[in-house]
Structures are given as C-alpha cells and as structure tokens.
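Q: Test case, fold it:
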Amino acid sequence: MKKFMMTAVCVLTAMVFAAPAFAHFQMVYTPEMAMKNGGKIDLKMVFTHPFDAGHTMKMGTNEAFFSIHKGKKTDLLSTLKPITWTSLTNSGTAWETSMKLRGMGDWVLCLKPAPYLEEQEGAYIQQITKTVLNVGGLPTDWDAEVGLEAEIVPLNIPYAMLTGNVFRGIVKGGGKVVPHAEIEVEYLNHDPIMAENTFAKEANAETAPTFVWPTAIKANALGEFSYGLPKAGWWGFCALGVGPATEFNGKELSQDAVIWVYVSDMK
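A: All right, here's what the predicted structure looks like:
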C-alpha cells in the first residue's frame with residue numbers, strides 16, 4: 001500500500017510540473033475578430049497560458065509578422081514594439097502593434113516568433129500563429145493556405161462560429177498534410193485588458209477539477225480534425241511538432257502550428 005501511495009504521489013507530482021510545458025499558447029490578439037467597419041486596431045502578441053492566465057514566457061525578437069488581404073502579403077514585422085505583459089503569476093516580454101484595416105474582407109495575420117527555450121524540457125518551442133480578422137462580413141482569404149512551415153488550414157470560417165458549432169481544420173507541415181497530428185485545445189478564460197497589458201482576474205468559465213487544460217485531440221490519417229466549441233469566446237488550436245525544423249541551437253525544436261477562432265452566442 002505504501003509503495004502504491006508513493007508511486008501515485010510521484011505520478012501526480014510529475015503531472016503537476018509537466019503541465020505548464022504543454023500549456024504554452026502563442027496569442028495574436030485583438031478584442032474583435034469580426035468588425036462591421038475597418039479602421040485602426042490594436043494587437044498584442046503574448047506567449048502564455050490562456051486558460052488560467054498563468055505563466056507568461058519571455059518572447060524574443062520575432063522572425064516574421066505579416067498580413068494577407070485579398071491575396072496580397074504585407075510585411076508588418078517592423079511595426080512590432082516590445083512591451084511587458086503581466087499575467088496572474090508573473091510578467092514577461094511580449095509585443096504589440098497597431099494597424100489600419102482598409103477595405104472589406106479577411107485579414108490573415110501570421111506571426112513567426114523566435115524559438116523559446118523551455119528549460120524544464122531542455123528544448124525549444126516555436127509556435128507559428130494565425131489569427132483571421134474580417135471587415136464587413138465579406139469572406140475572402142480565411143481558407144487560403146499561407147505556406148507557413150507549420151500551419152492549420154481552417155475548414156470553418158474562424159470568426160463566424162456559434163456556440164455549439166464544430167471547428168474543423170487540416171494540419172500541414174512544410175506544405176504537406178500531417179497524419180495523426182497531436183493537437184492541444186485551449187480556451188482564453190481571462191479577458192485581456194489591452195490598456196494595462198494584463199489579464200482580468202475574473203475567469204469566464206469553470207470546468208471540473210478532473211478536466212485538464214489544454215485538452216488534447218488528434219487529427220485523422222488525412223490531417224483533419226474537429227472539435228465542438230461549448231462556450232463563447234476565443235479558442236486556440238495548437239498542432240505540436242508538425243513543422244520541418246526539429247533542431248535549434250543544438251537542441252530539440254518543436255515547431256508548432258497555432259490558429260485562433262472566435263465563438264459567439266446566438267441571441
């Protein structure tokens with residue numbers, strides 16, 4: 001009995017200390033994903049744990065940031081400015097910018113951050129992230145394959161999801177379908193306070209203590225996956241280690257694909 005209890009304690013301890021390493025999510029955030037009119041918007045790029053507004057990782061200098069609008073690519077990397085983002089547990093370097101959305105249609109924002117060294121694992125993480133914005137309700141680029149090293153191509157319009165809808169996507173790495181990819185799903189449970197570069201203390205939802213965030217799903221043999229979305233708000237999907245790069249600075253690299261979608265309640 002004593003041996004069993006010691007084993008159980010060791011397993012639980014390992015789970016507790018391992019959990020943060022599997023909960024990292026790169027955010028490219030602005031309060032509204034779908035807008036009636038264009039104009040200036042503010043964006044925050046934060047590498048954190050969205051569900052519990054937990055540990056925020058220090059971001060390095062980003063490798064790429066650009067938009068796709070009606071097939072036209074615009075380099076936005078030089079517009080990024082460093083900020084300090086404060087979570088409920090710590091502060092870390094993040095990035096911000098503002099941009100003007102001129103004209104109707106989709107704006108696919110793509111961020112390729114610098115690889116982040118996860119010291120507990122002795123390995124790097126690079127989460128290449130897409131967020132799709134829309135102006136005027138005219139869909140244009142939301143389903144286009146951008147050609148990122150690691151990418152989730154949506155099969156549903158990311159900004160036009162209702163509570164209870166099923167989001168579907170295809171995981172690709174190096175332009176090829178990734179069969180049976182492991183995907184983490186996370187809910188942004190604490191609203192970002194843009195003016196203060198922090199999260200609201202109040203959570204939007206609670207789950208049973210036995211439910212583990214992020215939750216994990218797998219793609220099928222064609223790289224396709226689906227997930228029902230039970231609550232309004234921002235949801236992130238991260239396909240782990242699907243990019244072609246596997247090493248950085250002599251250490252293992254997990255090149256992940258992230259996409260964010262927004263869910264609305266039906267009134």
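Q: Grab the CA positions of stretch 108-118 and hand them over as PDB.
A: Taking C-alpha atoms only, stretch 108-118 is exported to PDB below (Å, rounded to 0.1, in the frame of the first residue of the first chain):
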ATOM      1  CA  VAL A 108      -5.000  36.800 -42.100                       C
ATOM      2  CA  LEU A 109      -2.300  37.800 -39.500                       C
ATOM      3  CA  CYS A 110       0.700  35.500 -39.300                       C
ATOM      4  CA  LEU A 111       3.300  35.600 -36.600                       C
ATOM      5  CA  LYS A 112       6.600  33.500 -36.600                       C
ATOM      6  CA  PRO A 113       8.100  34.200 -33.100                       C
ATOM      7  CA  ALA A 114      11.600  33.400 -32.100                       C
ATOM      8  CA  PRO A 115      12.100  29.800 -30.700                       C
ATOM      9  CA  TYR A 116      11.600  29.800 -27.000                       C
ATOM     10  CA  LEU A 117      13.800  27.700 -24.700                       C
ATOM     11  CA  GLU A 118      11.700  25.600 -22.300                       C
END
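Q: Show me which residues of it are buried.
A: Val108, Leu109, Cys110, Leu111, Lys112, Pro113, Pro115, Tyr116, Leu117, Glu118 (16 or more other C-beta atoms under 10 Å). In short, each C-beta sits where N, CA and C put it, glycine included.
Q: Looking at these, which are in strands?
A: Counted as lying in strands by DSSP state E, out of the buried residues of stretch 108-118, are Val108, Leu109, Cys110, Leu111, Lys112, Tyr116, Leu117, Glu118.
Q: which one is the first one nearest to, not counting chain neighbours?
A: Which is Val108. Excluding the flanking residues, the one nearest Val108 by C-beta to C-beta, 6 or more residues apart in numbering is Ile68, at 4.1 Å.
Q: what's the answer for the second one, then?
A: Spatial nearest neighbour of Leu109, excluding adjacent residues (C-beta to C-beta, 6+ apart): Thr131 at 4.8 Å.
Q: ok, what's across the strand from that neighbour?
A: Legend: beta-bridge partners of Thr131 under DSSP bridges are Trp260.
Q: was I right about it contacting Val146?
A: No. The criterion here is C-beta atoms under 8 Å, and Thr131 misses it with Val146 at 11.9 Å.
Q: Can you pick out the residue with more neighbours from these two?
A: Taking neighbours as other C-beta atoms under 10 Å, Thr131 and Val146 compare with Thr131 leading, 25 against 15.
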